[in-house]
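*Asks:* quick one, structure for this:
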Amino acid sequence: MNFIDYCVNGILVLLVVRQVRGGRLDLINLVLPVVLVGATAAYYLRSVPTAGNDLVLELVLGGAGVALGVLCGLATHLRRKADGVYAKAGFAAAAVWVFGMAFRMGFAFAADHGAGDAIADFSRSHRITSAQAWVAAFVMMALAQAATRLVVIRYRAYRLTSSAARGLAAA
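*Replies:* Now for the predicted structure:
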């Protein structure tokens with residue numbers, strides 16, 4: 001990992017701080033994580049290899065990102081106020097987000113500091129054709145985690161506001 005890699009990952013971890021602080025769900029809260037993770041994907045993703053078991057690796061890590069995103073979205077506290085829905089990531093939501101980041105950073109660090117041969121052996125024995133397959137898989141994991149978290153939170157917010165509207169209509 002180089003200096004830019006650490007900076008990019010640091011910025012993505014800072015999203016957790018913003019989420020823990022909490023705030024009203026607005027357009028910026030929707031767009032900012034997508035833009036940051038999308039920019040990260042544009043920086044790292046050169047291709048999406050599909051030879052051998054590359055696609056399987058990408059789907060497995062993408063699925064792991066979806067699972068982490070769902071957990072993160074469900075662990076985020078939502079409350080309705082007169083001016084909208086507010087979201088605040090609790091300890092569990094922040095821990096899940098940081099776990100996903102730490103897993104990806106840990107893999108990259110390990111690959112650069114002694115585990116490269118073991119990763120190459122694993123890749124050969126499981127027909128993973130290139131390092132780019134690992135990059136694509138981890139980028140897809142990050143994108144899936146961020147997007148799924150947003151979808152879960154927005155859906156929960158929609159349910160919260162629509163149930164309140166139904167309650168007012170019934171009264």
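
*Asks:* could I get the contacting residues of the residue nearest the centre of the chain?
*Replies:* What sits nearest the mean C-alpha location of the chain, by CA atoms, centre = their mean, is Gln145, with 2.8 Å. Residues near Gln145 by CB atoms under 8 Å, 6 or more residues apart in numbering: 65-66, 68-69, 72, 97, 100. Placement of C-beta: from N, CA and C, glycine included.

*Asks:* please redo it, this time with the cut-off set to 6 Å
*Replies:* Counting by CB atoms under 6 Å, 6 or more residues apart in numbering, Gln145 makes contact with 65, 68-69, 100.

*Asks:* so it is in which element?
*Replies:* helix 131-170 (DSSP states H and E).

*Asks:* list the buried ones in that helix?
*Replies:* Neighbour-count burial for helix 131-170 flags 132-150, 152-154, 156-157 (criterion: 16 or more other CB atoms under 10 Å).

*Asks:* rewinding a little: now intersect the contacts of Gln145 with the strands, please.
*Replies:* Among the contacts of Gln145, no member is found in strands (DSSP state E).

*Asks:* distance of the residue nearest to the centre of the chain relative to Ile11?
*Replies:* Separation of Gln145 from Ile11 (CB to CB, to the nearest Å) stands at 15 Å.
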